[in-house]
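*Asks:* This is a predicted model, with the sequence first.
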Amino acid sequence: MSKVLVCDDNFAIREFCRLELERRGYVVLVANNGQNALDLCQVERPDLVVLDMRMPGLDGQEVLFRLKQLHPQLPVIVHTAHPEEYHDQDVNHLANACVAKDANPDGLIHAVALALALPDAP
């Protein structure tokens, strides 16, 4: 069973993602901010991170950069309401996918499944 960390400052979005991923058999951890996500990655060693970009304090871009320094092989899915903002930036090169937040979880679920199927996933 793969362990997925969902990091989002919005409770409703965290819960939506958690429920949808758990429904599909994933073990889900949740973080409500960037520092919490980094701490959980050190302790829990998730197989994948779903990461919001716009968060107060340590934003998603900084968390992504730090995650890739600490855990270069850890797959990260950027989950954002504004995917167009990250299309040509460094974020796009470091993340496995950039998925829009919407009411349909299929894009996120598909991106998670693909990222976990990569041969170099932990």
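*Replies:* Alright, I've got the coordinates. Numbering: from 1, shown residues only.

*Asks:* Provide the backbone phi and psi angles at Lys3.
*Replies:* In terms of degrees, to the nearest 10, the main-chain angles of Lys3 are phi -100, psi 120.

*Asks:* OK, contacts around it?
*Replies:* Shown in contact with Lys3 (Cβ atoms under 8 Å, 6 or more residues apart in numbering): 26-29, 44-48. Quick note: C-beta positions are derived from backbone N, CA and C, even for glycine.

*Asks:* Please tabulate these in a markdown table, including the columns secondary structure.
*Replies:* Shown next, in a markdown table, are those (DSSP: H, G, I helix; E, B strand; the rest coil):
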| residue | secondary structure |
| --- | --- |
| Tyr26 | coil |
| Val27 | strand |
| Val28 | strand |
| Leu29 | strand |
| Glu44 | helix |
| Arg45 | coil |
| Pro46 | coil |
| Asp47 | coil |
| Leu48 | strand |
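
*Asks:* Select only the buried ones of these in ChimeraX?
*Replies:* In ChimeraX, a selection of the buried entries from the contacts of Lys3 looks like this (16 or more other Cβ atoms under 10 Å):
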select :26,28,29,46,47,48
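
*Asks:* want to throw the contacts of Lys3 into CSV with distance to Lys3 and pLDDT?
*Replies:* Shown next, in CSV, are the contacts of Lys3 (distance: Cβ to Cβ, whole Å; pLDDT from 0 to 100):
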residue, distance to Lys3, pLDDT
Tyr26, 7, 96
Val27, 5, 97
Val28, 8, 98
Leu29, 7, 98
Glu44, 7, 96
Arg45, 7, 96
Pro46, 5, 97
Asp47, 5, 97
Leu48, 8, 97
